[in-house]
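Colleague: sequence below, structure please.
(chains A, B and C)
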Amino acid sequence: MRFDNFLAVSNISTSGLSAERLRMEVVASNIANAHSTRGPDGGPYRRQDVLFETVLGDQSGGLSLGTHALQGVRIAGVQDDPTELPRVYSPGHPDADGQGYVTMPNVSLPLEMVNLMTATRAYEANLKVLQAVRKQLEQTIGLLR
Amino acid sequence: MIDTTSQTAILARLLDAASLRNEVIAHNVANVNTPGHQCLTVQFEDAFAQALSSGDSTRALHVTPEVIPGGGGTTRADGNNVDIDMEMNRLAKNSLLYEFCAQVMAVQIAQQRSAIQGR
Amino acid sequence: MDIASITSIGRALPGNGSVARPESPTEGFADILGQYLGNIGQQQLQAQQAVQDFALGRTDSLHQAVLAVNRADLAFRAFLEIRNRLSDAYQEIMKMSV
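Modeller: Modelled structure (predicted):
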């Protein structure tokens, strides 16, 4: 729709905001489930990662590279981290196997915190871009006074 | 000279659409946590632009803004598909558009007023 | 005394006493004004188009539209000033006693 497509710069920054917000949700899920031995498929929780992807549009955009218009970013998918799940010796645990080992989620809290900070900073940066653009446009309208 | 009345009317219609859009955005944001709520959007500029490009402004002035379902992001677990970032983006763009149209109208009205005053 | 008609003197003057009618002194000025009005009309059209282009999402450049509106407005106000001065001048002339 015309209204949604106009002022493309606004849409580009917003796509960044949405993507970082989703990344924060995934980080939150990982942190919350750092000790879940009963995950969605029955086994221990596997940590998840987001996949960022540049959005390429048709030539109608103002910002174009080659034959495509650059239209921001999107999350192409959320996928499981395939690294091996650690086994921890904890014989009293209800989910311990025969040898007393429990398979725990492969969530590393320091790593998740770093991801959270990165996502937060990126979100703020996108917000700053939006605010700067809005200020410029409002100044331009001010020329009519 | 120029038919300023129709130009002012065109801007007035754009302002109508922008006002309606503000309400729709407010509604969406208020319902961002309502289970099952579908995002709403305003449909206007496409039909309006098409009618205007035919050159006849009176036909264009018959196009009215309408509220339709749409403009949402991915649907979450509670069935709600309102994306708060997208709504904030629309709000910012809409405010800018409203301010622009209002300012242009102010310039036109000032011109008309000066022309009437005369000496 | 024979009062001869004055026309005989006129015959002695260059051009045989006939004087060409001067061109109306306001004609040239009316042309200029007409051109000016046409120019303003043109700028108003451009401003209208630029405003619609931005508001309907055909372009993202707000500054083009704002500049076009300003240009048209300035041209219009300059013309208003000319009109007002003309009006004042006319009234001045009308006040003159002949």
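Colleague: for the rest of this, base every contact and every neighbour count on C-alpha atoms.
Modeller: Noted.
Colleague: ok, longest helix in the chain?
Modeller: Answering for chain A, as no chain was given. If you go by DSSP state H, chain A has its longest helix at helix A:109-142.
Colleague: nope, chain B please
Modeller: Per DSSP H, chain B has its longest helix at helix B:84-117.
Colleague: how about it against chain C, any contact?
Modeller: Yes. Using C-alpha under 8 Å from any C-alpha of the partner chain, helix B:84-117 reaches chain C at B:97, B:101, B:104, B:107, B:111, B:114-115.
Colleague: you'd agree C:Gln64 is in a helix?
Modeller: Yes. Counting by DSSP: H, G, I helix; E, B strand; the rest coil, C:Gln64 is part of a helix.
Colleague: against C:Gly38, how distant is it?
Modeller: The spacing between C:Gln64 and C:Gly38, counted by C-alpha to C-alpha, to the nearest Å, is 22 Å.
Colleague: who has more neighbours, the two?
Modeller: Neighbour count, other C-alpha atoms under 10 Å in any protein chain shown: between C:Gln64 and C:Gly38, C:Gln64 has more, with 17 against 13.
Colleague: before we move on, which element is the residue lying closest to that one once chain neighbours are set aside in?
Modeller: Take C:Gln64 and drop its neighbours on the chain: the residue closest to it by C-alpha to C-alpha, 6 or more residues apart in numbering or on different chains is C:Ala50, 6.9 Å away. Here C:Ala50 sits within helix C:27-55, counting by DSSP states H and E.
Colleague: where does chain C come near chain A, residue by residue?
Modeller: C:56-60, C:62-63, C:66, C:69-70.
Colleague: these: which ones sit near chain B?
Modeller: Near chain B, by the rule C-alpha under 8 Å from any C-alpha, you find C:56, C:69 out of those.
Colleague: need the residues of chain C next to chain A in CSV with pLDDT and neighbour count, can you?
Modeller: Output for those, formatted as CSV (pLDDT from 0 to 100; neighbours: other C-alpha atoms under 10 Å in any protein chain shown):
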residue, pLDDT, neighbour count
C:Leu56, 90, 21
C:Gly57, 86, 20
C:Arg58, 86, 16
C:Thr59, 87, 19
C:Asp60, 86, 19
C:Leu62, 93, 20
C:His63, 93, 17
C:Val66, 95, 22
C:Val69, 95, 25
C:Asn70, 94, 20
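Colleague: that older thread, give the other helices and strands that the longest helix of chain B contacts.
Modeller: helix A:8-32, helix A:109-142, helix B:4-30, helix C:62-95 (3 or more C-alpha pairs under 8 Å, 6 or more residues apart in numbering or on different chains; DSSP states H and E).
Colleague: how about a cut-off of 10 Å?
Modeller: Applying 3 or more C-alpha pairs under 10 Å, 6 or more residues apart in numbering or on different chains; DSSP states H and E, one finds that helix B:84-117 contacts helix A:2-5, helix A:8-32, helix A:109-142, helix B:4-30, helix C:27-55, helix C:62-95.
Colleague: so for it, what gets flagged as buried?
Modeller: With burial defined by 16 or more other C-alpha atoms under 10 Å in any protein chain shown, the residues of helix B:84-117 counted as buried are B:84-87, B:89-94, B:96-105, B:107-108, B:111.
Colleague: what about the helix holding C:Ala50, distance to the chain center?
Modeller: How far helix C:27-55 lies from its chain's middle: 14 Å, per C-alpha atoms, centre = their mean, to the nearest Å.
Colleague: same question for stretch B:100-118.
Modeller: 21 Å.
Colleague: extract the CA atoms of it and return them as PDB.
Modeller: Provided in PDB are the C-alpha atoms of stretch B:100-118 (Å, rounded to 0.1, in the frame of the first residue of the first chain):
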ATOM      1  CA  PHE B 100       2.900  18.600   6.000                       C
ATOM      2  CA  CYS B 101      -0.600  18.800   4.600                       C
ATOM      3  CA  ALA B 102      -1.700  21.200   7.300                       C
ATOM      4  CA  GLN B 103       1.300  23.500   6.600                       C
ATOM      5  CA  VAL B 104       0.700  23.600   2.900                       C
ATOM      6  CA  MET B 105      -3.000  24.400   3.500                       C
ATOM      7  CA  ALA B 106      -1.900  27.200   5.900                       C
ATOM      8  CA  VAL B 107       0.300  28.700   3.100                       C
ATOM      9  CA  GLN B 108      -2.600  28.500   0.600                       C
ATOM     10  CA  ILE B 109      -5.100  30.100   3.000                       C
ATOM     11  CA  ALA B 110      -2.700  32.900   3.800                       C
ATOM     12  CA  GLN B 111      -2.400  33.600   0.100                       C
ATOM     13  CA  GLN B 112      -6.100  33.700  -0.300                       C
ATOM     14  CA  ARG B 113      -6.500  36.000   2.600                       C
ATOM     15  CA  SER B 114      -3.800  38.400   1.300                       C
ATOM     16  CA  ALA B 115      -5.400  38.400  -2.100                       C
ATOM     17  CA  ILE B 116      -8.800  39.300  -0.600                       C
ATOM     18  CA  GLN B 117      -7.500  42.100   1.600                       C
ATOM     19  CA  GLY B 118      -6.300  44.300  -1.200                       C
END
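Colleague: what about stretch C:74-87, near chain B?
Modeller: Yes. Applying C-alpha under 10 Å from any C-alpha of the partner chain, one finds stretch C:74-87 touching chain B at C:74, C:76-77, C:80-81, C:83-87.
Colleague: most neighbours among those residues, please name it.
Modeller: C:Phe76 leads the residues of stretch C:74-87 next to chain B on contacts (other C-alpha under 10 Å) with 22 neighbours.
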